[in-house]
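Asks: what follows is a predicted protein model with its sequence.
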Amino acid sequence: MLTTRFVTGAPNWLDVGTSDLDGATSFYGGLFGWRFRSAGPEAGGYGFFELDGRIVAGGMRTTAEQGPPSWTVYFQVPDARSAAEASERAHGGVLVQPMDVMDQGTMAILTDRAGVPFGIWQPGRRAGLDAAGETGALCWVELHTADIAAAAAYYRAVLGLETSAVPFPGGSYTCVNPAGEGEEAMFGGVVPLADDPADKDAGWLPYLAVEDADAVVARTAELGGTVRMPATDIEGVGRIARLADPYGAEFAVLRPRPRQA
């Protein structure tokens, strides 16, 4: 599970691009208790979703030309420009070239071999999110892709990530962790597209920790969102559900299995 002990290769930021920022603010506020705070006039409309005064995600209004509403996962890198060059060498791409975000850090948007977009963040004054791995915050990320081997090779070359197969009901699950950090630093997984009936396209899916997955599913429908996969128990993991906000941005929720004493 994620923590705010951000290391190279681990997710350290999350934001949503949406066609209706006010509507998204209302939705996520009603679902998770988040409040939106503008980053100021110099930020071009970008702002922060906060829970109890701590940043758990970012958000901004995007246009149709920028693509459909979606969540973007960012990974920590020591040098954004080097990571962008590595993406191109690994047969990926660069959607948004590295750019400084005032004195907070340097960001870029890359694409992997399958065209899946993701962000990178080179910390400046801001290391990343204020909260992770706890209720109402990012706790896990999952790449849905048609070619696990190709994805593993790409992310190892660009982010230094390692993959390992973990026994799972009905087979195995490919977990991801930063190089050299060991399996205790696992923060996500890689899933074949064909294994998930909710999948339409390849992409990174963020998971947010919740105390009651069933209540969140019901509340999502009340708030005008969509239930892509109802709450389901996963042995050894917890109870998960896959959802979308009213504008189509997909995410998942997880009630982690209680730790054994």
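Replies: Perfect, I can see it now. Numbers count the residues shown, from 1 in each chain.

Asks: low-confidence bits of this protein, can you list those?
Replies: Within the chain, the segments meeting pLDDT under 70 span 195-200, 259-261.

Asks: ranges for the helices of it?
Replies: Per DSSP state H, the chain carries helices over the ranges 21-32, 80-89, 148-159, 213-222.

Asks: so can I have CSV of these showing mean neighbour count and distance to Ala244?
Replies: (Glycine included, C-beta is placed from N, CA and C.) Written out in CSV, the entries for the helices of the chain read as follows (neighbours: other CB atoms under 10 Å; distance: least, CB to CB, whole Å):
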stretch, mean neighbour count, distance to Ala244
helix 21-32, 19, 10
helix 80-89, 17, 28
helix 148-159, 19, 23
helix 213-222, 16, 8
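
Asks: could you redo the ones you listed as a markdown table and give each row distance to Gly136?
Replies: Putting those into a markdown table (distance: least, CB to CB, whole Å) gives the following:
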| stretch | distance to Gly136 |
| --- | --- |
| helix 21-32 | 5 |
| helix 80-89 | 28 |
| helix 148-159 | 26 |
| helix 213-222 | 10 |
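
Asks: of all the ones you listed, which one is nearest Val141?
Replies: Each of those was scored for nearness to Val141 using CB to CB, and the closest is helix 148-159 (11.5 Å).

Asks: next, the angle from that closest one to helix 80-89.
Replies: In this structure, helix 148-159 runs at an angle of 150 degrees to helix 80-89, with axes from the mean of the first three to the mean of the last three CA atoms, to 10 degrees as the basis.

Asks: gap between helix 148-159 and the chain center?
Replies: 17 Å (CA atoms, centre = their mean, to the nearest Å).

Asks: next: stretch 217-235.
Replies: With CA atoms, centre = their mean as the basis, the mean position of stretch 217-235 lies at 18 Å from the chain mean.

Asks: one step back: of all the helices of the chain, which lies closest to Val7?
Replies: Relative to Val7, the nearest member of the helices of the chain by CB to CB is helix 148-159, separated by 10.9 Å.

Asks: how about the closest one as CSV, C-alpha atoms only?
Replies: Presented in CSV, the C-alpha positions along helix 148-159 are these (Å, rounded to 0.1, in the frame of the first residue of the first chain):
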residue,chain,number,x,y,z
ILE,A,148,2.1,-7.2,-19.5
ALA,A,149,5.6,-8.2,-20.6
ALA,A,150,5.9,-5.1,-22.8
ALA,A,151,4.6,-2.9,-20.1
ALA,A,152,6.9,-4.3,-17.5
ALA,A,153,9.9,-3.7,-19.8
TYR,A,154,8.9,-0.1,-20.5
TYR,A,155,8.3,0.9,-16.9
ARG,A,156,11.5,-0.7,-15.7
ALA,A,157,13.4,1.2,-18.3
VAL,A,158,11.7,4.6,-17.6
LEU,A,159,10.9,4.4,-13.9
